[in-house]
Every structure is written in structure tokens, then in C-alpha cells.
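Chemist: Would you be able to build a 3D model of this:
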Amino acid sequence: MDSRAFDIEGFLRDADRCYRELRGDEVVRFFEEALLRARACGSADAVIVVANEFGSVARTRGELGRARELYREAFSLLERRPGEVPVRSRASLLLNYGDVCVAQGSFAEAVELFDAAEALLADEPECCYERSAICNNRSSAWRGLGRMADARRDLERAVDLLGRVPGSAGARAVARVNLAQLLIDEGRLDAAERALAPALEAFLTLSGGRDIHRPNAFAAAGQLRMLQGRYAEAAVCYREAARSLADKVGASENVERLRAAGSRAARLAGWEAGAS
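Modeler: The predicted structure is shown next:
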């Protein structure tokens, strides 16, 4: 059966609604059911699209093995039909797979994937948003490799590309969080705080306060406050990161890690280790 048996455009509209309106484990169930439908109707296009989206959810939850398997399934289908899948879809898959590699500490592999995604879009001048995402995410891989100058270069490119994209407030906030993390790695805590403050403010209202990148911003703030010795504030930041992540994608290993970090900060602040 071909992709007409599975309404890909309808799925993407429903996925947008899912991200906006559903909470916690409801999001996971939506993607699990969609993937089963895509596989059942035998549409390679549908499986690629759904697996790519579902992989992002799994990665956000900290289920890196599951995310990698989803991306591998999509890649195996891509390899059977080179040239048939749109360039942007292939680049998106490479970008998301690269993010999993960063999370697993495979930084060199991640750089290769991000480079491949960028090469696909080299002749697509209208893809400024996608190219900025590649630069933004590759900066995290460079940080992992200790190549801070390369990380800063990519972040500067990301911001420059976003300047050409209307309505990119969310992406600019993500770039600020990544810049703050780079500055934290360099020990420049005051500069990191200046970079992070506008992002935290933006994430209070972006997507109705439920943007998928909000937890990471508050986690970065928690890390910064810990290094500054501001333990009570760190506890508040980590707890907000855990709460917003659980609200977005349900109970997960990443939520528990954030809660544990909040509890450590609370103990250092002299609080009783209450619910986080």
C-alpha cells in the first residue's frame, strides 16, 4: 500500500495539536498508535515521518535506546529509496539522530550526522530555520569534544540565520540556552546568567508556557545556580524543569534525574527533601 493509505499531513496536524494540548503519557500513546497504523498500512513514507517524530519524543524522555531504534528504522527505509524522500525530511532525520548521539556522548558521530544534514541543505537557501537548528545542535557536540571555538562559531551562525526567519522567538531562546551552557563550560558564570535570562523569560509564555525546550532552559538555570552557590534557587529551577518535562512527555528517566538534582540542591540549601 502507498502513503495515501495513511494521511501524513493529517498526522502532522494531529501531532502539532498533541504537542499543544495533550499531557504526559497521552503524548506517548498518540505516537505509539500512529506508528502501529503506519506500519500496518505498509507505507514507508508514513513510517519514516512518524518514527522521526516519535524518536524526538523518546529522546526528550531520556529513552535514548528507543529513540535510536526508531531512527534506525526510518534510515533503513530511506536507504531502500534514495532520492525519493524530500531533502528536508532526510535532513530532519539526520539532525534528530545526531541529537541522540550527543545525549549518548557520541560527539564525533553527532558532528558527522549534523555535517551530512547541512550538506543536504546546501542548495536550499530558503531553509534558514533548518540550517540554524543544525548549527545550534552541533554546538553541543563541539562542546562535548572540548572545541569551544567551534561551538561558539556555530552558535553565532545559528543566530545570524534566525535573523532571517520571522516568528523564530523560540529558536532564538534555544540558541541563548546553548550559549549559556557554553559559557558555563568556560566558567563565565556572570555572562551565562546574562545570556540565559531572556530565554527563561521567553519560555514563560512560548507555546502557552509549555514549549518542549522549557525544561532544558530551567535545567540549565539550575546548573548555573548550583555553581553560583545559590542552592535554593537551583532547587526551584530543577523542580520547575522536572514539572514541565513531566507535563509535556510524562514520567521518564529524565524527569527523575531532574527531581533528584532538585532534591540535592534543596538539601544543600538546608531544606527538608520534600516532593520535587
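
Chemist: which residue ranges form the helices in the stretch 1-150 of the chain?
Modeler: Along the stretch 1-150 of the chain, the stretches classed as helices by DSSP state H, counting those that start in this stretch are 8-21, 25-40, 44-61, 64-79, 87-103, 107-120, 128-144, 148-162.

Chemist: what mean pLDDT would you report for the fourth one?
Modeler: Model confidence over helix 64-79 averages 92 on the pLDDT scale.

Chemist: now swap in the last one and tell me
Modeler: The pLDDT scores in helix 148-162 average 91.

Chemist: what do you get for the third one?
Modeler: Average pLDDT, helix 44-61: 92.

Chemist: Adding mean neighbour count and distance to residue 189, write the helices of the stretch 1-150 of the chain out as JSON lines.
Modeler: In short, each C-beta sits where N, CA and C put it, glycine included. Below are the helices of the stretch 1-150 of the chain laid out as JSON lines (neighbours: other CB atoms under 10 Å; distance: least, CB to CB, whole Å):
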{"stretch": "helix 8-21", "mean neighbour count": "14", "distance to residue 189": "33"}
{"stretch": "helix 25-40", "mean neighbour count": "17", "distance to residue 189": "35"}
{"stretch": "helix 44-61", "mean neighbour count": "24", "distance to residue 189": "27"}
{"stretch": "helix 64-79", "mean neighbour count": "18", "distance to residue 189": "29"}
{"stretch": "helix 87-103", "mean neighbour count": "22", "distance to residue 189": "23"}
{"stretch": "helix 107-120", "mean neighbour count": "19", "distance to residue 189": "24"}
{"stretch": "helix 128-144", "mean neighbour count": "23", "distance to residue 189": "16"}
{"stretch": "helix 148-162", "mean neighbour count": "19", "distance to residue 189": "15"}
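
Chemist: Alright, that wraps it up for me.
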